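Enquirer: no sequence on this one, just coordinates:
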């Protein structure tokens, strides 16, 4: 186990993309402390900011309020990172494997453009969970993201594959430009869910507002939904038991092959 303890809360953001099992698993304690981080426009080392215990392990624990520490777990492909507190922007971005657990909250772009692995956030997330960076046309292409609390705008934007589970509410435009994959929202979704989605599934448990470019297409009770909810239970979420869902297809502004499933008894269609 490698234990990193933040010695003082940061006022200037730090880029810590080297804090991954890929980079630290074969390094001695002294080598870990000498790894480069960028603090504002200054080149520093991990040892300048963290107390370092342990060495040569694929399991990393980070303690302290790391809300200003960016890129934790960036491009990680194996092992485990446990943040015992908040984490900053771009946590788990471009991740391909392994597991990241965050006990607190995160800033924007959690799991942005990730390809595999698991991110489990026990608090609230910022905007663009599993989304694409500005100018890109593909968000997450694999893996799983679980947020026990709320998430911001454009959750799962440009998503191509994978699973996102939100235990609380989301902001507006969840699943915008979605191409494939699954988003589950146990709380209340914001406005314009699935705007311009082409394919994929968005499963909503609460009353929602749908765009007029989505059309009701029957009531379903499918084992596929129950399998997804069962998977979320294994990841620490608490979705409701089996139920029926009103299926809406869209977005008619595109090829209209996406679907929004609203749990029966909790739907309220409002033209937007």
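Expert: That came through, no problem. Since the model is a prediction, treat every value here as computed from it, not as a measurement. Numbering: from 1, shown residues only.
Enquirer: And stretch 13-27, what's buried?
Expert: Using 16 or more other CB atoms under 10 Å as the test for burial, stretch 13-27 gives 13-25, 27. C-beta: built from backbone N, CA, C; applies to glycine.
Enquirer: distance between the ends of that stretch?
Expert: Using CA to CA, to the nearest Å, the end-to-end distance of stretch 13-27 comes out at 25 Å.
Enquirer: With stretch 196-206 instead?
Expert: Counting by CA to CA, the length from the leading to the trailing residue of stretch 196-206 is 21 Å.
Enquirer: Give me the contact list for that stretch.
Expert: With CB atoms under 8 Å, 6 or more residues apart in numbering as the test, stretch 196-206 has contacts from 156, 159, 174-189, 193-194, 225, 228, 239-240, 245, 250-251, 253-255, 257-263, 266.
Enquirer: Mind checking which of those residues land in helices?
Expert: 225, 228 (DSSP state H).
Enquirer: Which of the buried residues of stretch 13-27 sits closest to residue 4?
Expert: residue 19 (7.1 Å; CB to CB).
Enquirer: sec struct for the nearest residue in space to that closest one that is not next to it in sequence, please.
Expert: Nearest non-adjacent residue to residue 19, counting by CB to CB, 6 or more residues apart in numbering: residue 72, 5.5 Å away. Using DSSP: H, G, I helix; E, B strand; the rest coil, the structure places residue 72 in coil.
Enquirer: out of the contacts of stretch 196-206, which are buried?
Expert: 156, 159, 174-186, 188-189, 193-194, 225, 228, 239, 245, 250-251, 254, 258-263, 266.
Enquirer: Show me where the stretch 1-150 of the chain has its strands.
Expert: 2-6, 14-15, 36-39, 42-45, 50-53, 59-63, 69-70, 80-84, 99-102, 118-121, 141-147 (DSSP state E, counting those that start in this stretch).
Enquirer: chain center to the fifth one, what's the gap?
Expert: This means strand 50-53. Remark: strand 50-53 is offset 27 Å from the chain centroid, using CA atoms, centre = their mean, to the nearest Å.
Enquirer: And the contacts of that strand?
Expert: Contact with strand 50-53 is made by 2, 3, 4, 5, 6, 7, 29, 32, 33, 46, 62, as judged by CB under 8 Å, 6+ apart.
Enquirer: Contacts only, for residue 12.
Expert: Residue 12 neighbours (CB under 8 Å, 6+ apart): 39, 40, 68.
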